[in-house]
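Undergrad: take a look and give me a structure for this.
(one chain, ligands or ions: 1)
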Amino acid sequence: MEERVGRSDELGEGARREVTVGGKAVVLLRSGGALLAYGGRCPHYEGPLAKGLLHDGRLVCPWHGGTFDAATGGLLEPPPLAGLAALPVRVDERGEIWVDRPDDTPRQRAMPMAGRDPADERVFAVVGGGAAGAAAVEGLRQHGFTGRIVLVSREDRRPYDRPNLSKDYLAGSAGADWLPLRPQSFYERHGIELRHAEVTRLDAATRRLELGDGSSFTPDAVLIASGALPRRLTAPGADLPGVFTLRSWSDCDAVIAGLEGAARAVVVGASFIAMECAASLRERSLEVTVVAPDEMPLAAHLGPEIGGLLRRRHEEHGVRFALGRTVARLAGDVGVRELELDDGSRLEADLVVVGVGVTPAAGFVENVVVKEDGSLDVDGELRVNDQGVWAAGDVARYPEAHVGGRARIEHWRLAEQHGRAAAASMAGRGAPFEGVPGFWTEQFGLRIAYAGVGRGWDATIPVGDVSGGDFTVLFARGDELLAVAGTRDLDVAAFAELMRLGRLPRAGGVADAAQAGLVRLL
Ligand SMILES: Cc1cc2nc3c(=O)[nH]c(=O)nc-3n(C[C@H](O)[C@H](O)[C@H](O)COP(=O)(O)OP(=O)(O)OC[C@H]3O[C@@H](n4cnc5c(N)ncnc54)[C@H](O)[C@@H]3O)c2cc1C
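TA: Okay, here's the model as predicted:
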């Protein structure tokens, strides 16, 4: 059954429009002259694709940067794990567009994956079932690998959506069913073995893996995707019950269990995770105070304009700040009850969440140079060495293609991009990694997207109304544009596209162009 959704001559090249067919959102596109129709929501978090960017045959979701091949709907860039299902579309002799009702059509298009071939005796191991590891095991099958895939993770869970932990899950607005990336049956169907065990030792010269359960094996290739570990406070009392860090699902469940009967929370640190935790705990009606040495939350990453906005946003929602302060001591009997700060002031607390950064988790890797910060250097294809060892995600320092030098970046989407790229390389189809990094944060309903690599910025170029929440901030070093952050999704997507194509303008004079929208520079 078809529905008429508009006229063909209304949709010029590059147009995208959301229409409703059979009660469902559908996006109509004109790309490369062709008229195309897909399910209108991103498979990741239902971002409205018609508000995204369409350029160079790529359709970019406005919310988190998921990217699809406009001609086929195929997935090009995470965070979605699937492509878009195409809907039959035709233009009649009068120029009217007709789209098939999507009722019986799947909204997502699964990525083509090779099957497991029992005759293929190769074994590839992936250490860590987070963003990079989960993307890699799927990527191996997508790149035609038919041998055994063993995903070893010390978490007693199958891969899940870590960024949600500090947001809806901690706030209580998303249940546990939101978190897993795939059902168990997915891994069984694709012959991906999940082993819940800690890797206690990896000899990078021989690839021999030793596991906490006493077993060991030597795969033909291994990917280190072990992420990072949260740093802890060193102040006396930091190990009292009721003092938490947040990295894993079970960490988050422990915080939620600690909320029972709690009225006052202190969040230590003004990192993204700390600020998101503060917002989520406030949404659970706790009294929340953020203690951090910074003068302004997140200003080192996002600049004073956005830092100020986030501080105000939190304060409007009742979060208190003790900035420019560190924790001298934590005290309590059966659990934490009080924090003493470096100026002698005291804060009462029923629970404390510490978000003061992470350390790459490569302590189990031997026979390779582990950098001072705990990370591993990789080459352009994410290889650690020529002995069949790769690394991806938070643990990897990789050659950054757009601003130069090496970067170790803690972003969900980048870790997934790395995982996919490492899988391609392991399967013999590697290419230098050139993904544009990007992330997002969400605090009290304000979603800020970011693209680029802002490390070393020395000037911000704010455009629009930052305090009103409708803005773009560009980050520059001298005349070089490095990154963008803001609430104008199309600007962020356009910046990422300009960076991908190597066509970013110089910083001087960009403010005027940005007023009219960065998309005009494409
Ligand atoms: C609460 C929270 C919120 C976040 N929000 C955002 C966000 O909004 N946007 C964004 O871009 N990024 C966000 N991030 C960052 C993002 O989640 C990380 O950058 C990303 O998960 C890194 O992926 P990874 O695969 O390198 O590591 P991880 O996802 O941490 O996965 C590593 C896995 O390896 C396992 N592991 C470690 N050592 C071993 C071992 N020796 N043996 C076996 N298994 C091991 C770990 O248990 C873990 O399961 C957030 C992070 C957290 C913690």
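
Undergrad: do you have the helices of the protein handy? List them.
TA: In the chain, the helices defined using DSSP state H lie at 131-142, 170-171, 184-189, 249-258, 272-283, 299-316, 412-426, 489-500, 510-515.

Undergrad: and stretch 277-293, which residues are buried?
TA: 277-283, 286-292 (16 or more other Cβ atoms under 10 Å). For glycine as for every other residue, the C-beta is placed from the backbone atoms N, C-alpha and C.

Undergrad: only alpha carbons, please: show it as CSV.
TA: Extracted C-alpha coordinates of stretch 277-293, given in CSV (Å, rounded to 0.1, in the frame of the first residue of the first chain):
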residue,chain,number,x,y,z
CYS,A,277,26.1,12.5,37.3
ALA,A,278,25.4,15.7,39.2
ALA,A,279,22.5,16.4,36.8
SER,A,280,21.1,12.9,37.0
LEU,A,281,21.3,12.8,40.8
ARG,A,282,19.6,16.1,41.0
GLU,A,283,16.9,14.7,38.8
ARG,A,284,16.4,12.1,41.5
SER,A,285,15.8,15.1,43.9
LEU,A,286,19.0,14.7,45.8
GLU,A,287,20.8,17.8,47.1
VAL,A,288,23.9,17.9,45.0
THR,A,289,27.2,19.8,45.4
VAL,A,290,30.0,19.6,42.9
VAL,A,291,33.5,20.0,44.3
ALA,A,292,36.3,20.6,41.8
PRO,A,293,39.7,22.4,41.6
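
Undergrad: so for it, mean pLDDT?
TA: The average pLDDT for stretch 277-293 rounds to 98.

Undergrad: near the ligand, which residues of the stretch 151-300 of the chain?
TA: Residues of the stretch 151-300 of the chain lying close to the ligand (Cβ under 6 Å from any ligand atom) are 152-155, 162-163, 165-166, 198-199, 225-227, 246-247, 273.

Undergrad: now the chain
TA: Checking the chain against the ligand by Cβ under 6 Å from any ligand atom, the hits are 127-133, 152-155, 162-163, 165-166, 198-199, 225-227, 246-247, 273, 361, 364, 393-395, 410-413, 415, 439-441.

Undergrad: weed out the non-buried ones from those.
TA: Counted by 16+ other Cβ under 10 Å, the residues of the chain next to the ligand give 127-133, 152-155, 162-163, 165-166, 199, 225-227, 246-247, 273, 361, 364, 393-395, 410-413, 415, 439-441 as buried.

Undergrad: among those, which lie within strands?
TA: In strands, defined here by DSSP state E, the members of these are 127, 152-153, 199, 439-441.

Undergrad: need those in JSON lines with distance to Glu46 and pLDDT, can you?
TA: As requested, those are arranged in JSON lines below (distance: Cβ to Cβ, whole Å; pLDDT from 0 to 100):
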{"residue": "Val127", "distance to Glu46": "32", "pLDDT": "98"}
{"residue": "Val152", "distance to Glu46": "32", "pLDDT": "98"}
{"residue": "Ser153", "distance to Glu46": "27", "pLDDT": "97"}
{"residue": "Val199", "distance to Glu46": "36", "pLDDT": "98"}
{"residue": "Phe439", "distance to Glu46": "19", "pLDDT": "96"}
{"residue": "Trp440", "distance to Glu46": "14", "pLDDT": "95"}
{"residue": "Thr441", "distance to Glu46": "18", "pLDDT": "95"}
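
Undergrad: redo these as TSV? Include distance to Gly237.
TA: What follows is those, written out as TSV (distance: Cβ to Cβ, whole Å):
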residue	distance to Gly237
Val127	34
Val152	35
Ser153	32
Val199	32
Phe439	33
Trp440	34
Thr441	30
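
Undergrad: where does the stretch 301-450 of the chain get nearest to the ligand, which residue?
TA: Gly393 (2.2 Å; Cβ to the nearest ligand atom).

Undergrad: hmm, Gly128 and that residue touching each other?
TA: Yes: counting by Cβ atoms under 8 Å, Gly128 is a contact partner of Gly393 at 7.5 Å.

Undergrad: which neighbours do the two share?
TA: Common neighbours of Gly393 and Gly128, using Cβ atoms under 8 Å, 6 or more residues apart in numbering, are 225, 227.

Undergrad: tell me which residues are up against stretch 161-179.
TA: Contacts for stretch 161-179 (Cβ under 8 Å, 6+ apart): 130-131, 160, 180-181, 246-249, 251-252, 255-256, 273, 276-277, 279-281, 283-284, 412, 442.

Undergrad: now stretch 197-206
TA: Stretch 197-206 is contacted by residues 127, 152-154, 208-213, 215, 218, 222, 224, 226, 364-368, 384-385, 387, 389 when judged by Cβ under 8 Å, 6+ apart.

Undergrad: again, 10 Å this time
TA: By Cβ atoms under 10 Å, 6 or more residues apart in numbering, the surrounding residues in contact with stretch 197-206 are 125, 127-128, 152-156, 208-216, 218, 222, 224, 226, 362-370, 376, 384-385, 387-389, 391.

Undergrad: how about stretch 362-375?
TA: Applying Cβ under 10 Å, 6+ apart, the external contacts of stretch 362-375 come out as 127, 198-206, 208-210, 212, 222, 224, 226-229, 358-361, 376-377, 384-385, 387, 389, 391, 394-398, 406, 408.

Undergrad: please pick the buried ones from those.
TA: Using 16+ other Cβ under 10 Å, the buried ones in the contacts of stretch 362-375 are 127, 199, 202-204, 208-210, 222, 224, 226-229, 358-361, 376-377, 384-385, 389, 391, 394-398, 408.

Undergrad: go ahead and flag the most central residue of the protein.
TA: Taking Cα atoms, centre = their mean, the centroid of the chain lies closest to Trp412, which sits 2.3 Å from it.

Undergrad: so what's that residue up against?
TA: Taking Cβ under 10 Å, 6+ apart, we find Trp412 in contact with 64, 78-79, 130-132, 161-164, 393-394, 438-440.

Undergrad: from these, pick the one nearest Ile448.
TA: The closest of the contacts of Trp412 to Ile448 turns out to be Trp440 (Cβ to Cβ; 6.6 Å).
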